[in-house]
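>>> this one's structure only:
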């Protein structure tokens, strides 16, 4: 049996989401701070969940900077520190269940296990989107996420973008794998609908075969060919080819067809009245006087 499309899609999207979330969790790029008055113009600070890095165009990036404003004690940062690793752990568990359910080494997949892995991956996507969305909501709020006052500006870092993409991919992959519950539910329902042993099974209409008798031909329908009737094909044998048709009525004779000379014996005063008369007026065929 080939692997269903929903399973293949889930197995592709879930590892991509895991990789993006791992990068977003470890990289110090959740927030970009720049525009310091007493610092070089090109100075930028990248703040993440675990580190703060200083970067200039003329110098290499220097990480491990001191937290002067109490950034790591902010509530969104603390929540993200707990939920992002939890999302990674749940994603790994979901991928393990998916690998066992999709059965790369078995003939048929385990639909129930694959559907359960989809639910786990969907939960992992939610665990990653919650801290990312919360952090982005308070990004410019200096009372929640401390930073220097204006003219210092804060911007969205690349880690937030990667976190959003990773969470969405986990949601899509988990939903796709969760669709594997459909064949499993169908099999369970099919098993419940089976009749108990000993119960007579009713035959369906599609299995009933009725042998209808061959209808007799109407009296007006005959096998007619070359002016004479022919027997039925069953009487002639399988080699005979029947011709079915209607008998054509013969034409009646013309009303005034007269094969006898109508002038002979037309009257008694005729000079030739001594001849035997073969035709008299009043016969069935018309005389000259009828015309």
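Nice, I can see it. As the structure is a computational prediction, the values presented were derived from the model and not from experiment.
>>> Pull the number of nearby residues for the nearest residue to residue 142 once chain neighbours are set aside.
In space, residue 142 comes closest to residue 149 once its chain neighbours are excluded; the distance is 7.2 Å by Cβ to Cβ, 6 or more residues apart in numbering. For every residue, glycine as well, the C-beta is placed using N, CA and C. By the criterion of other Cβ atoms under 10 Å, residue 149 has 7 neighbours.
>>> Using the three-state scheme, assign residue 149.
At residue 149, secondary structure determined by DSSP: H, G, I helix; E, B strand; the rest coil is coil.
>>> From what I see, it and residue 143 are in contact.
No - judged on Cβ atoms under 8 Å, residue 149 makes no contact with residue 143 at a distance of 11.4 Å.
>>> ranges for the helices of the chain?
All helices of the chain, identified by DSSP state H, fall at 5-26, 75-102, 111-137, 158-178, 181-193, 233-236.
>>> between those helices, which gets nearest to residue 44?
When the helices of the chain are compared by Cβ to Cβ, helix 158-178 sits nearest residue 44, at 12.5 Å.
>>> List the buried residues for the closest one?
Judged by neighbour count using 16 or more other Cβ atoms under 10 Å, the buried positions of helix 158-178 are 159-160, 162-178.
>>> That helix to helix 75-102, inter-axis angle?
Interaxial angle, helix 158-178 versus helix 75-102 (axes from the mean of the first three to the mean of the last three Cα atoms, to 10 degrees): 30 degrees.
>>> Helix 158-178 to helix 111-137, inter-axis angle?
Using the same axes, to 10 degrees: helix 158-178 against helix 111-137 is 160 degrees.
>>> before we move on, back to that, worst mean pLDDT among the helices of the chain?
When the helices of the chain are compared on mean pLDDT, helix 233-236 scores lowest, with a mean of 58.
>>> Please tell me how far residue 187 sits from residue 85.
37 Å (Cβ to Cβ, to the nearest Å).
>>> Looking at the two, which has the bigger crowd around it?
residue 85 (15 against 12).
>>> Distance of that one relative to residue 79?
From residue 85 to residue 79 the distance is 12 Å (Cβ to Cβ).
>>> Then residue 183?
Per Cβ to Cβ, residue 183 is found 39 Å from residue 79.
>>> ok, the two, which is more surrounded?
residue 183 (17 against 14).
>>> Help me confirm that the more buried one comes into contact with residue 110.
No - applying Cβ under 8 Å, one finds residue 183 not in contact with residue 110, separated by 10.5 Å.
>>> quick one, what contacts residue 164?
By Cβ atoms under 8 Å, 6 or more residues apart in numbering, the contact set of residue 164 is 129, 132.
>>> and the gap between it and residue 125?
Distance of residue 164 to residue 125, given as Cβ to Cβ: 11 Å.
>>> And for residue 6?
16 Å.
>>> Looking at those two, which is more packed in?
Using other Cβ under 10 Å as the criterion, residue 6 and residue 125 rank with residue 125 on top: 27 against 20.
>>> related to what we said a few turns ago, and the helices of the chain as JSON lines, adding distance to residue 56?
What follows is the helices of the chain, written out as JSON lines (distance: least, Cβ to Cβ, whole Å):
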{"stretch": "helix 5-26", "distance to residue 56": "23"}
{"stretch": "helix 75-102", "distance to residue 56": "24"}
{"stretch": "helix 111-137", "distance to residue 56": "25"}
{"stretch": "helix 158-178", "distance to residue 56": "18"}
{"stretch": "helix 181-193", "distance to residue 56": "54"}
{"stretch": "helix 233-236", "distance to residue 56": "104"}
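>>> Select, out of these, the one closest to residue 40.
Short answer: helix 158-178, nearest of the helices of the chain by Cβ to Cβ, at 22.1 Å.
>>> How about the contacts made by the closest residue to residue 3 other than its chain neighbours?
Setting aside the residues directly before and after it, residue 3 is nearest to residue 102 in space (Cβ to Cβ, 6+ apart), at 6.3 Å. By Cβ under 8 Å, 6+ apart, the residues touching residue 102 are 3, 7, 11, 109, 114.
>>> just residue 80 next, same as before
Residue 80 neighbours (Cβ under 8 Å, 6+ apart): 30, 49, 131-132, 134-135.
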